[in-house]
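[1] No sequence on hand, only this structure:
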Ligand SMILES: CSC[C@H]1O[C@@H](n2cnc3c(O)ncnc32)[C@H](O)[C@@H]1O
Ligand SMILES: [Zn+2]
């Protein structure tokens, strides 16, 4: 009997069907109004205007009335546990902020603190429509467990600062390798791992080369902060005779698939090199504005063929984890600084948060758009609200009038992780209380 039950569990896949919703596929077509979508197991098997017919037989029916369905948003750079430090240090520039406020407090973080901060981030991201995120931090086993429990998709990296002895560097590299071996491909394939030296200004060249070698050995991508501030670029030239892009290229980093966060201070040659090497960029507009780092040359990068995606960075420099905010900022600030209202059009900004995010972090073509064969990472927004009327242009409304608070339901890999604005797999009240208590403990020790 037990064997029969186990077999049934393996062969039975859940099937559900959205009837009559509006679908923004992000596949360059017009939104499908009054369409139908069928999910079997973790994948979309049908999406069209026509009724799915027998394909919907036996499927649980969900009404799509008043809802806009789109691919889950992809946050390509952040530090989830830093939700604990939200509002702790505002209105400072990066180096002062890191050295005098953030790093001293992070030095006290325990694994339990990281778990509490990551759980708070998971609740926040899911409720604002993010289904996949990149995370770089310490105590990453805790983050991986939160991802597994929350039902999120995560590309995780044990971030490493190499301003320490060679013995400590070795121990950190070994921990990053151990983390990759333990977690890459886990949580039914929802977790993937990258190798991540923190930045060229915190990791000596030989240490970065060891990470590149490990990435080759493990066949993993690389992730780092790069060219975030003008001061960083100047320091790199002083220390190594070249700017950060050439420096990392010489160290072999771009021989691996690489995602760099920020890339604010680039010249034309550097943009051309990133395009040539296939390096993807995580644009973090809110964090770059708040830390007064500058504005990345996103329109120039897109023109050159660089894959540009969106990240929130940590909640201490943003101060939320809402990718809809980054989409809106991206559509607005590049118009403002260039004087060109077409610099980043609304639909292109949405692509940065979905299609290009997928290209930057998920090497296989399975997420970032809605079509048969893709993973069912889906967000439903309540568009029965004043700011979605009149129905002139839903893409315009989503980018310029909407926000993450419009998210009502979320699915990852076909599993509903947010229902009616509530996380189905996380205890939101307990997580918020735990985060508050953890911050109290951390800050009272100062
Ligand atoms: C080694 S774990 C990650 C490390 O990165 C720090 N961090 C957070 N935001 C930024 C940023 O904008 N630039 C550089 N480093 C950042 C975080 O505090 C952790 O120490
Ligand atoms: Zn960062």
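    Arrived safely. Just so you know, these numbers come straight off a predicted model, no measurement behind them. Residues are numbered from 1 along each chain as shown. Ligands and ions are numbered 1, 2, ... in the order given.
[2] show me what contacts the closest residue to residue 370 other than its chain neighbours?
    Spatially, and ignoring its direct neighbours in sequence, residue 370 is nearest to residue 25 (4.4 Å; Cβ to Cβ, 6 or more residues apart in numbering). All C-beta atoms are positioned from the backbone trio N, CA, C, and that covers glycine. Listed by Cβ atoms under 8 Å, 6 or more residues apart in numbering, the contact set of residue 25 reads 31-32, 47, 71, 369-371.
[3] Run the chain-centre distance for stretch 397-411.
    17 Å (Cα atoms, centre = their mean, to the nearest Å).
[4] Tell me the buried residues in it?
    Judged by neighbour count using 16 or more other Cβ atoms under 10 Å, the buried positions of stretch 397-411 are 397-399, 402-404, 406-411.
[5] Now the terminal residues of that stretch, how far apart.
    22 Å (Cα to Cα, to the nearest Å).
[6] can you list contacts of that stretch?
    Under Cβ under 8 Å, 6+ apart, the answer for stretch 397-411 is 24, 39, 67-68, 70, 72, 126-129, 131, 322-325, 327-328, 331, 346-347, 349-350, 376-383, 385, 387-388, 416-421.
[7] Give me the contact status of whichever strand or helix holds residue 438 with ligand 1.
    Element membership of residue 438, judged by DSSP states H and E, is helix 428-444. No - for helix 428-444, no contact with ligand 1 is found by Cβ under 6 Å from any ligand atom; the gap never falls below 13.4 Å.
[8] Give the buried residues for that helix.
    In helix 428-444, counting by 16+ other Cβ under 10 Å, buried: 431, 434-435, 438-439, 442.
[9] Could you name the helices and strands sitting against that helix?
    Contact here means 3 or more Cβ pairs under 8 Å, 6 or more residues apart in numbering; DSSP states H and E; on that basis helix 428-444 packs against helix 111-127.
[10] Read off the pLDDT value for residue 12.
    On pLDDT, residue 12 comes in at 65.
[11] Would you mind giving the domain segments of the chain?
    2-72+374-423, 73-361 (automatic domain parsing).
[12] Out of those, which is closest to ligand 1?
    domain 73-361 (3.0 Å; Cβ to the nearest ligand atom).
[13] mean confidence for that closest one?
    For domain 73-361, the per-residue pLDDT averages 98.
[14] For the residue nearest the centre of the chain, what are phi and psi?
    When Cα atoms, centre = their mean is applied to the chain, the residue found nearest the centroid is residue 75 (1.9 Å). Dihedral pair for residue 75: phi -100, psi 110, per degrees, to the nearest 10.
[15] ok so, going back, now tabulate the contacts of residue 25 in a markdown table and tack on distance to residue 228 and neighbour count.
    What follows is the contacts of residue 25, written out as a markdown table (distance: Cβ to Cβ, whole Å; neighbours: other Cβ atoms under 10 Å):
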| residue | distance to residue 228 | neighbour count |
| --- | --- | --- |
| 31 | 36 | 17 |
| 32 | 40 | 18 |
| 47 | 39 | 21 |
| 71 | 28 | 31 |
| 369 | 30 | 20 |
| 370 | 33 | 24 |
| 371 | 35 | 16 |
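[16] Which members of those are positioned in helices?
    Members of those lying in helices (criterion: DSSP state H): none.
[17] Now those residues in JSON lines, please, with extra columns for distance to ligand 1.
    Shown next, in JSON lines, are these (distance: Cβ to the nearest ligand atom, whole Å):
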{"residue": "31", "distance to ligand 1": "35"}
{"residue": "32", "distance to ligand 1": "38"}
{"residue": "47", "distance to ligand 1": "38"}
{"residue": "71", "distance to ligand 1": "26"}
{"residue": "369", "distance to ligand 1": "29"}
{"residue": "370", "distance to ligand 1": "32"}
{"residue": "371", "distance to ligand 1": "35"}
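[18] what's the span of stretch 195-205, first residue to last?
    15 Å.
[19] before we move on, back to that, can you redo the buried residues of stretch 397-411 as TSV with secondary structure and distance to residue 57?
    Listed next are the buried residues of stretch 397-411 as TSV, based on DSSP: H, G, I helix; E, B strand; the rest coil; distance: Cβ to Cβ, whole Å:
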residue	secondary structure	distance to residue 57
397	helix	35
398	helix	33
399	helix	38
402	coil	35
403	coil	38
404	helix	35
406	helix	32
407	strand	30
408	strand	27
409	strand	23
410	strand	26
411	strand	21
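[20] Point out the residues in this structure that sit beside ligand 1.
    With Cβ under 6 Å from any ligand atom as the criterion, the chain meets ligand 1 at residues 79, 94, 98, 102, 106, 136-138, 159-161, 198-199, 225, 228, 287, 313-314, 317.
[21] Identify the residues contacting stretch 222-232?
    With Cβ under 8 Å, 6+ apart as the test, stretch 222-232 has contacts from 77, 93-95, 134, 136, 157, 194-201, 211-212, 215, 233, 243-245, 248, 253, 256-266, 270, 288, 291, 293-294.
[22] can you give me the strands in the stretch 1-150 of the chain?
    Along the stretch 1-150 of the chain, counting by DSSP state E, counting those that start in this stretch, strands occupy 15-23, 32-40, 43-48, 60-63, 67-71, 73-75, 130-137.
[23] Residue 40 against residue 13, yeah?
    Yes - using Cβ atoms under 8 Å, residue 40 makes contact with residue 13 at a distance of 5.5 Å.
[24] No further queries at this time; thank you.
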